[in-house]
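Engineer: My questions are about this predicted structure, shown below with the sequence.
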Amino acid sequence: IYGHENCMNYGGQSFLHTLKLLDHVKSPNFKLIFDTGNPCFTFRRIGNPPYPLQSTREFYENVREFIYYVHIKDAVSTIQPDGSVKTIYTYAGEGNGDIPWILTDLIKRGYDGGFSMEPHVAVVFHDREDPKNAELMARKKYDTYIDYGRRFEKLLEECRRKAASEK
């Protein structure tokens, strides 16, 4: 299985790019990993610049039938005057990732592929670390990950109840 994520690559530039990629590869072994947070801070490269930021919900609605696995990340982003994007990562459901709606929809559709947490809330895993603070940073990452996971479990349970009530 080859899993392709809607990250900072061709497939992450818009849902149209992802659909085109899926259409051209045409392999049962080519699967989509959907990251709920990436559209929050990625330009929607459809049409001509200047591009707006993507809508996670729009992206999801157009690719949901191809989703094999889901990464959970959430954020609030704004385009700055210089054209750059400023992103503040949040807990799942507190940003622009439409995570409660997406989770509820996934559950109603019978999704059982699992979820992977990407809690960039305290620190981003690929940020450079100061070796002097390595132990503190490791503890902060651990504590944040545990908190993020517990909060996500509560959110997921709320979405399960909502999905059940809407059947």
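Structural biologist: Received, thanks.
Engineer: Mind pulling up the pLDDT for the residue nearest to Leu21 when sequence neighbours are not counted?
Structural biologist: What sits nearest to Leu21 in space, not counting adjacent residues and going by C-beta to C-beta, 6 or more residues apart in numbering, is Gly11, at 4.9 Å. Every residue, glycine included, has its C-beta placed from N, CA and C. Looking at Gly11, its pLDDT stands at 92.
Engineer: for Gly11, what are its contacts?
Structural biologist: His4, Glu5, His17, Thr18, Leu21, Leu32 (C-beta atoms under 8 Å, 6 or more residues apart in numbering).
Engineer: all helices for the protein, in order.
Structural biologist: 15-25, 56-63, 99-108, 134-165 (DSSP state H).
Engineer: Let me have the ones you listed in TSV, extended by mean pLDDT and mean neighbour count.
Structural biologist: Converted to TSV, the helices of the chain look like this (pLDDT from 0 to 100; neighbours: other C-beta atoms under 10 Å):
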stretch	mean pLDDT	mean neighbour count
helix 15-25	97	15
helix 56-63	98	19
helix 99-108	99	20
helix 134-165	93	14
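Engineer: I'd like to know which of these is closest to Pro119.
Structural biologist: helix 134-165 (3.5 Å; C-beta to C-beta).
Engineer: just checking, what packs against the closest one?
Structural biologist: helix 99-108, strand 115-117 (3 or more C-beta pairs under 8 Å, 6 or more residues apart in numbering; DSSP states H and E).
Engineer: Which of those sits closest to Ala164?
Structural biologist: Counting by C-beta to C-beta, Ala164 lies closest to helix 99-108 out of these; the figure is 8.3 Å.
Engineer: any idea how far Thr56 is from the residue most central in space within the chain?
Structural biologist: The centre of the chain sits closest to Thr36, judged by C-alpha atoms, centre = their mean, with a distance of 2.1 Å. As for Thr36, its distance to Thr56 is 6 Å (criterion: C-beta to C-beta, to the nearest Å).
Engineer: Tell me the residue in this structure that is farthest from the middle.
Structural biologist: Outermost in the chain, C-alpha atoms, centre = their mean: Lys132 at 31.5 Å.
Engineer: distance of that residue from Tyr142?
Structural biologist: For Lys132 relative to Tyr142 (C-beta to C-beta), the value is 18 Å.
Engineer: pretty sure the residue nearest to the centre of the chain contacts Ile67?
Structural biologist: No. Applying C-beta atoms under 8 Å as the test, Thr36 and Ile67 come out as separate, 10.6 Å apart.
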